[in-house]
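predicted model, plus sequence, below.
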Amino acid sequence: QLVESGGGLVQAGASLRLSCGASGRAFTYHTMAWFRQSPGKEREFVARISMGGGSTAYADSVKGRFTISRDNAQSTMTLQMNNLEPEDTAVYYCAATPGNSWALVPEAFDYWGQGTQVTVSS
């Protein structure tokens, strides 16, 4: 089970930190990712981190502003979001898939959280 937290309403230029907590001891053996979805749009890839945390990937739209990290001892993943823009407004989802994965599409991820709303005002 994945549970996101940390969303909210902020002004453009502000920062937010999203967290994803996982139950069970298998967290270490899953590639983790963040996706987001805005009304009327498809769910899109934001960032991905490998099982050990040594490899990360970002969507071009967030590169340099967002940082994904994980703490396997605590079974948690975070997304530090800086310099937020109104275009970042969306529901953000935590996702997991077993093993190491280089996928960037939602269909490749097996487990999902319920989502947390991020709203950035201009």
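Happy to help now that I have it. Numbers count the residues shown, from 1 in each chain.

now the nearest residue to residue 34 once chain neighbours are set aside: how far from residue 60?
Nearest residue to residue 34, sequence neighbours excluded (C-beta to C-beta, 6 or more residues apart in numbering): residue 46, at 4.2 Å. In this view, the C-beta of every residue, glycine as well, is placed from N, C-alpha and C. Distance of residue 46 to residue 60, given as C-beta to C-beta, to the nearest Å: 11 Å.

neighbour-wise, which of these two wins?
Regarding residue 46 and residue 60, a neighbour count based on other C-beta atoms under 10 Å identifies residue 46 as having more, with 25 against 6.

need the contact list for that one.
Neighbouring residues of residue 46 by C-beta atoms under 8 Å, 6 or more residues apart in numbering: 33, 34, 35, 36, 58, 59, 62, 66, 79, 92.

my guess is residue 58 meets residue 47, correct?
Yes. Judged on C-beta atoms under 8 Å, residue 58 makes contact with residue 47 at a distance of 5.0 Å.

pick out whichever of the two has more residues nearby.
Between residue 58 and residue 47, counted using other C-beta under 10 Å, the more crowded position is residue 47 (23 against 17).

surely the more buried one is within a helix?
No. When classified by DSSP: H, G, I helix; E, B strand; the rest coil, residue 47 is found to be strand rather than part of a helix.

wait, residue 69 sits on residue 50?
No. The pair residue 69 / residue 50 is not scored as a contact, 11.5 Å apart, by C-beta under 8 Å.

those two: which has the busier surroundings?
Comparing residue 69 with residue 50 by other C-beta under 10 Å, the one with more neighbours is residue 50, at 17 against 14.
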